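>>> have a look at this fold, sequence not included:
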């Protein structure tokens, strides 16, 4: 079976963010913890949904949602770090995972869009 680097990495990030959310809630940091919990888990969920998309356009749309959620998660991480809710090391580790996911998503989206254009051209 083919390794699912994007799916595995997004699951890993989601689990780590959920652990962070638990810690934040014990300190009554509920506003950002709710937001980052939603955005991080949405990355993983949309990547999983893309595997059963109703066609290439739906596949691309799911990955684009994941990309937006990855950017949002990175911004919440930066806010948490700048407000001293997490230390710099944890911020950098989690943000590095977001960056890797973002890179893989952009690569997948670009490839899929290029293939979509090629397929449309071949049908004419």
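Structure received. Because the structure is predicted, anything quoted here is derived from the model rather than measured.

>>> which strands or helices does the helix or strand that contains residue 39 pack on?
In this assignment (DSSP states H and E), residue 39 forms part of helix 30-50. Packing partners of helix 30-50 (3 or more CB pairs under 8 Å, 6 or more residues apart in numbering; DSSP states H and E): helix 5-26, helix 56-82. C-beta coordinates here come from the backbone N, C-alpha and C atoms, glycine included.

>>> what's around residue 70, how many residues?
Neighbourhood size, residue 70 [other CB atoms under 10 Å]: 28.

>>> just residue 119 next, same as before
Using other CB under 10 Å, residue 119 has 10 neighbouring residues.

>>> chain neighbours aside, what residue packs nearest to it?
Spatial nearest neighbour of residue 119, excluding adjacent residues (CB to CB, 6 or more residues apart in numbering): residue 56 at 7.6 Å.

>>> rewinding a little: tell me what angle the helix holding residue 39 forms with helix 5-26.
160 degrees (axes from the mean of the first three to the mean of the last three CA atoms, to 10 degrees).
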